[in-house]
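Visitor: this is a predicted model, with the sequence first.
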Amino acid sequence: MNTPHGVWLDDLTRQEAVSRFGGDAVAVVPVASGGPDVPHLPLKTATVIARALGQKLLERLAVVVATVVEAEPLPRRDTPGHLLAARLDGLRSLGARRIAILDMAPSGAAPFDITGDVLLLRICDRSDAEDFFTSCMMALDPRSVRMPLLPAGSRSEAFDGERGMAAEVEAVAGALVSKWPDLVSR
């Protein structure tokens, strides 16, 4: 079993969070703002994958991962931005100075309007999004995939989901270490 290097924010007490951010911990905010609208995947798809990517990231780096901002099912277009701004304000009130957003927006979607020194990383931004999301869900929660509704000729497989998520985490970890090189030694 891997010993995590990082931690979920909601597992910390307020004092522990303040202490970590006082030590320059990087806060990571996964945002489930997208996912393919297909009949064989549940609405929770982007959230499940964002949470899994957050877990894999904290197993690799000494980061503090906030709970997933679920922006997809919201009725007003500006609401996700307000939710994210509130989450960033909350992290800053705990002392977070180094913040990264992992946005699971579909390919071509407009990014959030983020102010300040926040690193915005687009993840799962790919041309094969439907196969990727399906493969990830086959790996993470196979019973939730409506297999009879899967399109004929689909190449989605659980193994591809695991491999794809590993590649996403590798890219995100590389971007975080590039921005904050001291993450390697934590």
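Guide: Arrived safely, thanks for sending.

Visitor: list the contacts for residue 140?
Guide: When contacts are counted by C-beta atoms under 8 Å, 6 or more residues apart in numbering, residue 140 touches 48-49, 52, 161. To be clear about C-beta, it is placed using only N, CA and C from the backbone, and glycine gets the same treatment.

Visitor: equivalent analysis for residue 68, please.
Guide: 30-32, 47, 50-51, 54.

Visitor: same thing but 6 Å
Guide: Going by C-beta atoms under 6 Å, 6 or more residues apart in numbering, residue 68 touches 30, 32, 47, 50-51.

Visitor: burial count for residue 64?
Guide: Residues near residue 64, counting by other C-beta atoms under 10 Å, number 25.

Visitor: and what about it, helix, strand or coil?
Guide: With DSSP: H, G, I helix; E, B strand; the rest coil as the basis, residue 64 sits in strand.

Visitor: that one reaches residue 27, doesn't it?
Guide: Yes: using C-beta atoms under 6 Å, residue 64 makes contact with residue 27 at a distance of 5.1 Å.

Visitor: chain center to the longest helix anywhere in the chain, what's the gap?
Guide: When the chain is scanned for its longest helix (criterion: DSSP state H), the result is helix 158-179. Centroid separation for helix 158-179 versus its chain: 11 Å, with C-alpha atoms, centre = their mean, to the nearest Å.

Visitor: just the CA coordinates for it, please, in CSV.
Guide: Once non-C-alpha atoms are left out, helix 158-179 reads as follows in CSV (Å, rounded to 0.1, in the frame of the first residue of the first chain):
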residue,chain,number,x,y,z
ALA,A,158,-10.8,-0.4,-17.6
PHE,A,159,-7.1,-0.9,-18.3
ASP,A,160,-7.2,2.1,-20.6
GLY,A,161,-8.9,4.1,-17.9
GLU,A,162,-6.2,3.2,-15.4
ARG,A,163,-3.4,4.0,-17.8
GLY,A,164,-5.1,7.3,-18.9
MET,A,165,-5.6,8.5,-15.3
ALA,A,166,-1.9,7.6,-14.5
ALA,A,167,-0.8,9.7,-17.5
GLU,A,168,-3.0,12.6,-16.4
VAL,A,169,-1.5,12.5,-12.9
GLU,A,170,2.0,12.3,-14.3
ALA,A,171,1.3,15.5,-16.4
VAL,A,172,-0.3,17.3,-13.5
ALA,A,173,2.5,16.3,-11.1
GLY,A,174,5.0,17.5,-13.7
ALA,A,175,3.3,20.9,-14.0
LEU,A,176,3.0,21.3,-10.2
VAL,A,177,6.7,20.5,-9.7
SER,A,178,7.6,22.8,-12.6
LYS,A,179,5.8,25.7,-10.9
